[in-house]
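Colleague: the following comprises the amino acid sequence and a computationally predicted model.
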Amino acid sequence: MSYLRTGLSRSLSLLLALFCLAAIASAALAQDKPAPVEKKIDEINLDTQLYMIVGTNEAVGDAKMPATLDPVIKDLRASLPFKNYRLTATLINRVKTGGRLDLRWIGGPLLEKATGTASAPSFNDFFVRQVSLVEDAQGRSIIRMDGFKFGSRIPIQTNAALAANGTAVPTLSYESTGLNTDISMREGAPVIVGTLNVGPSGDAIILVVSARRAPQ
């Protein structure tokens, strides 16, 4: 009888020890496994909008902006010293989440009042390495643009040469400006990506971007 009690006690002790080891191992694995922060959403198309706004102290002919940019313009007027803002380009594109954007285009003159460059075009490119729709820890939709890159070649008058008839002809050179960054934004909310000072007049290009899920 004493032998049976001893064997039973040893078996119970062994089972208890195994249970404790299993509990410790499970707790260690739970600590090593990071808590999920973002959840990717696949197979969804996104509509993206890139707005190019010029901030200037010159008078502008038609300064009307899309209603969606009203909060942005309000923030700009509070933080930048420009008297007026005008929209020079709106680019709308569709991209699959996880995909990339790569655009190049010839735009109209950015510095409308600059002598000698008022009719000269600008050359622009817009690139995003990856556009992703994710959910944060609170379940809110966040759009990420990794490898956001914008570049522009802007005409600058360097001097004036005399034509054969004695007329002064402006000589232009193209200067490059741009920015590179990674950004994230709430779905459908336009955000200011950055500002780029251009030309001797002190005008600035202001980049605003937004994105939302495309209609199915």
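Modeller: Okay, I see it.
Colleague: and after the host helix or strand of residue 78, which helix or strand comes next?
Modeller: Here residue 78, judged by DSSP states H and E, is contained in helix 70-79. Once the chain leaves helix 70-79, the next helix or strand it forms, by DSSP H and E, is strand 84-96.
Colleague: got the contact list for the helix or strand following that following strand?
Modeller: Later in the chain than strand 84-96, the nearest helix or strand by DSSP H and E is strand 99-107. Contact with strand 99-107 is made by 48, 52, 88-89, 91, 93, 95, 121-131, 152, as judged by Cβ atoms under 8 Å, 6 or more residues apart in numbering. (Each C-beta comes from the backbone N, C-alpha and C, glycine too.)
Colleague: now the residue sitting nearest the centre point of the chain. Nearest residue, chain neighbours left out?
Modeller: Closest to where the C-alpha atoms of the chain average out (Cα atoms, centre = their mean) is residue 183, at 4.3 Å. Sequence neighbours aside, residue 145 is the residue nearest to residue 183 in space, at 5.1 Å (criterion: Cβ to Cβ, 6 or more residues apart in numbering).
Colleague: beta-bridge partners for that neighbour, please?
Modeller: Under DSSP bridges, the beta-bridge partners of residue 145 are residue 131, residue 183.
Colleague: how far away is it from residue 103?
Modeller: Going from residue 145 to residue 103 by Cβ to Cβ, to the nearest Å gives 13 Å.
Colleague: which of those two has more residues huddled nearby?
Modeller: Between residue 145 and residue 103, counting by other Cβ atoms under 10 Å, residue 145 is the more crowded of the two (25 against 13).
Colleague: so who does the more buried one touch?
Modeller: 128, 130-131, 182-185, 209, 211.
Colleague: and with 10 Å instead?
Modeller: The neighbours of residue 145, taking Cβ atoms under 10 Å, 6 or more residues apart in numbering as the test, are 46, 48, 95, 100-101, 128-132, 181-185, 191, 193, 209, 211.
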